[in-house]
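J.: Quick one, structure for this:
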Amino acid sequence: MACSAHAYVRGNTARFYDWLEESSQDAIPAGPPVWICGDCHVGNLGPVVGADGRIQVVIRDLDQAVIGNPAHDLIRLGLSLASACRSANLPGAVSVKVVDALLDGYARAFTRRPHHKDAPETIKALLREAIGRSWKQLVREHLTHTQPHIPLGKRFWPLSKAERRAIAALLSPDALGPLAVGLGIARPDDAVRMADAAYWVKGCSSLGRPRYAVLLEIDEAGGHTRLAMLDIKDAPPAAAPRTTSSAMPRDNAERVVAAAMALSPALGERMVAVRLLDRPMVLRELAPHDLKIEPDHMPPAAIDEIGAYLGRIVGDAHARQMSAAQRKAWHGILRASRSSQVDAPSWLWQAIVDALASHERGYLQHCRRHIALIG
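T.: Numbering: from 1, shown residues only. Prediction:
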């Protein structure tokens, strides 16, 4: 997270909700309670392949998802885009345009109007990359070439005996076949077996949280053998504030899966809640087509277009959960709160500016501690 202010914003969800709790929330409107991402930064959106093989850009990480205020997702995404502008040393005027575009794209989702234009070329290029990716590319990124084996090293660590026993019990021969069929990985007449497993060290999400990669071998009825990979990820309690008027699953893994089905059905259909070592965890297939949007995917000249596009993606995810009356009312609030001087709602702009200042202070303190630790 010390690499850049944007990396700090992306990897520090708790800081965002600490800021939200400490700040005055009177100006932030309360939208209809729906499932929200809870950690809606740029890197948590990207192309995902659905069970039908169609690839689309969706919210792709739901660890922090709760039934809450949709305005919180809008602020968090705006903060992410604004911090990306700052990290790229872009003028402040660009951030103003990005927030304006973000709001416009988000608000359009609640009118059920079509996108005003196609996806930005940058997003199209990412979709083309996702469509063209194959299992061989996933193997080159994560595995060895010559045998079904997960190479241990910096990214993959050996399992403890307790972890290996627990994963073997979860993915027993009797359970693995139906599980693979249910996730769309295998057909009913395929033979599925676990080839290898390892502890997976993967970015900020791995800090203090267990995560495992499991390699499967699938013998198809025609005699061909292929590989598949599972991601088993800890489901922590959500830091995002939730509404008290709607019930959510008490089990955190079931909460994540329920949120995925509401916000990103193409992803939710490929996930299942499990318990491993008495912890709630989410199991899903790691598909080669699943990618995330990185800061280098956002050229400065197109960042406002990308902001509008991502706003529409998040808006669609929220809008599909609302009634027609709720969509109309929320759209009215979004439009009525626009500033007469800046083409963005004053509450959204003020919230993003305040959050950006808070995160900038936190980032510099984080860098200071990081330098002190490494000498």
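J.: Okay, and Ala168 sits in which element?
T.: If you go by DSSP states H and E, Ala168 is part of helix 161-170.
J.: typo on my end, Leu215
T.: Using DSSP H and E, Leu215 sits within strand 211-219.
J.: by contact count, what packs against that strand?
T.: Applying 3 or more Cβ pairs under 8 Å, 6 or more residues apart in numbering; DSSP states H and E, one finds that strand 211-219 makes contact with helix 161-170, helix 173-182, strand 191-200, strand 225-234. Heads up, the C-betas are built off the backbone N, CA and C, glycines and all.
J.: mind putting these in TSV, mean pLDDT included?
T.: Below are the helices and strands packed on strand 211-219 laid out as TSV (pLDDT from 0 to 100):
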stretch	mean pLDDT
helix 161-170	96
helix 173-182	91
strand 191-200	93
strand 225-234	90
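J.: can you redo these as TSV with mean neighbour count and distance to Arg368?
T.: As requested, the helices and strands packed on strand 211-219 are arranged in TSV below (neighbours: other Cβ atoms under 10 Å; distance: least, Cβ to Cβ, whole Å):
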stretch	mean neighbour count	distance to Arg368
helix 161-170	14	36
helix 173-182	15	47
strand 191-200	19	30
strand 225-234	19	29
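J.: Show me what the helix holding Ala168 is in contact with.
T.: With contact meaning Cβ atoms under 8 Å, 6 or more residues apart in numbering, helix 161-170 is reached by Leu159, Met194, Ala197, Tyr199, Pro210, Tyr212, Val214, Ile232, Val274, Leu276, Leu277.
J.: Centre of the chain to that helix, how far?
T.: 27 Å (Cα atoms, centre = their mean, to the nearest Å).
J.: so that helix versus strand 191-200, what angle?
T.: Angle, helix 161-170 to strand 191-200, by axes from the mean of the first three to the mean of the last three Cα atoms, to 10 degrees: 150 degrees.
J.: where are the low-confidence patches of the stretch 51-200 of the chain?
T.: Within the stretch 51-200 of the chain, the ranges that satisfy pLDDT under 70 run 112-117, 133-147.
J.: Please enumerate the strands of it.
T.: Using DSSP state E, counting those that start in this stretch, the strands of the stretch 51-200 of the chain run over residues 55-59, 66-68, 156-157, 191-200.
J.: out of the ones you listed, nearest to Ala239?
T.: Closest approach to Ala239 among the strands of the stretch 51-200 of the chain is made by strand 66-68 (9.1 Å; Cβ to Cβ).
J.: what are the pairing partners of that closest one, and which direction each?
T.: Neighbouring strands of strand 66-68 in its sheet, by DSSP bridges, are strand 34-36 (antiparallel).
J.: quick one, the helix or strand just after the strand it pairs with and strand 55-59 angle?
T.: Per DSSP H and E, the first helix or strand lying C-terminal to strand 34-36 is strand 45-49. Put simply, strand 45-49 runs at 140 degrees to strand 55-59, going by the same axes, to 10 degrees.
J.: elements contacting strand 45-49?
T.: strand 55-59, helix 121-132, helix 265-268, helix 303-319.
J.: deepest of the ones you listed, which one?
T.: Per residue and on average, the most neighbours among the helices and strands packed on strand 45-49 fall to helix 303-319, with a mean of 24 (mean count of other Cβ atoms under 10 Å).
J.: For the very next helix or strand once past that one, which outside residues touch it?
T.: The helix or strand immediately downstream of helix 303-319 is helix 324-336, counting by DSSP H and E. With contacts defined as Cβ under 8 Å, 6+ apart, helix 324-336 is touched by 29, 31-32, 70, 103, 106-107, 110-112, 319, 322, 345.
J.: I appreciate the help and will end here.
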